[in-house]
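[1] sequence and predicted structure are below.
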Amino acid sequence: MAPRAQTGSGQLSRGLLLLWALLGTGLCHVGTEAEGFGQDARTRPPIAMFNQLAQLLEERYTNITQYCWEMFVDLMRNVTASELCEWKVISRPYSMLQACLEDGADHLHYGYPNALAERFIFQSHHRYF
């Protein structure tokens with residue numbers, strides 16, 4: 001998942017999104033190497049640095065989502081099978097899971113909702129509800 005760029009309104013800049021999409025698909029450089037980057041090990045093309053940043057953010061967010069899931073599972077240990085249909089019992093753990101996933105994404109400027117967060121929400125429904 002791509003990181004979310006901040007603008008004044010907190011929305012993803014459409015121009016930046018378009019640029020990212022074009023660069024990510026290779027349409028902007030049509031397979032040619034950017035001038036001035038060459039094979040110098042001290043510099044990396046902007047695309048490679050962007051991909052590394054995106055990969056790092058994805059890894060960090062994956063760690064956060066795992067923590068959120070473990071916290072949710074721990075809270076759900078106290079819920080009996082007969083209580084799983086009672087919203088007043090499950091609303092707190094469920095809301096905490098959702099807030100944790102969203103806050104983690106916001107902290108990293110990762111974008112929410114996202115596929116990884118949705119996977120954990122679906123997993124919570126499959127396992128408990």
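    The structure has been received and is ready for your questions.
[2] got any ranges where the protein has weak pLDDT?
    1-45 (pLDDT under 70).
[3] who does the longest helix anywhere in it touch, helix- and strand-wise?
    The longest helix of the chain (DSSP state H) is helix 46-76. Judged by 3 or more C-beta pairs under 8 Å, 6 or more residues apart in numbering; DSSP states H and E, helix 46-76 is in contact with helix 14-25, helix 87-108, helix 115-128. Where C-beta positions appear, they are placed from N, C-alpha and C, glycine not excepted.
[4] list the buried residues of that helix.
    By neighbour count on 16 or more other C-beta atoms under 10 Å, the buried set for helix 46-76 is 47, 50, 54, 57-58, 61, 64-65, 68-69, 72, 76.
[5] what's the burial count for residue 106?
    13 (other C-beta atoms under 10 Å).
[6] that one touches residue 113, doesn't it?
    No. Counting by C-beta atoms under 8 Å, residue 106 stays clear of residue 113, with 11.6 Å between them.
[7] can you list contacts of stretch 115-122?
    1, 58, 61-62, 65, 68-69, 72, 97-98, 101-102, 105 (C-beta atoms under 8 Å, 6 or more residues apart in numbering).
[8] tell me which element residue 112 falls in.
    Per DSSP states H and E, residue 112 falls between elements, in no helix or strand.
[9] phi, psi for it please.
    With angles defined as degrees, to the nearest 10, residue 112 sits at phi -150, psi 140.
[10] residues in contact with it?
    101-102, 105-106.
[11] among those, the buried ones, what's the ChimeraX command?
    Selecting only the buried entries of the contacts of residue 112 in ChimeraX, with 16+ other C-beta under 10 Å as the criterion:
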select :101,102,105
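[12] give me the neighbour count for residue 127.
    With other C-beta under 10 Å as criterion, residue 127 counts 10.
[13] before I go, just wanted to say thanks for your time.
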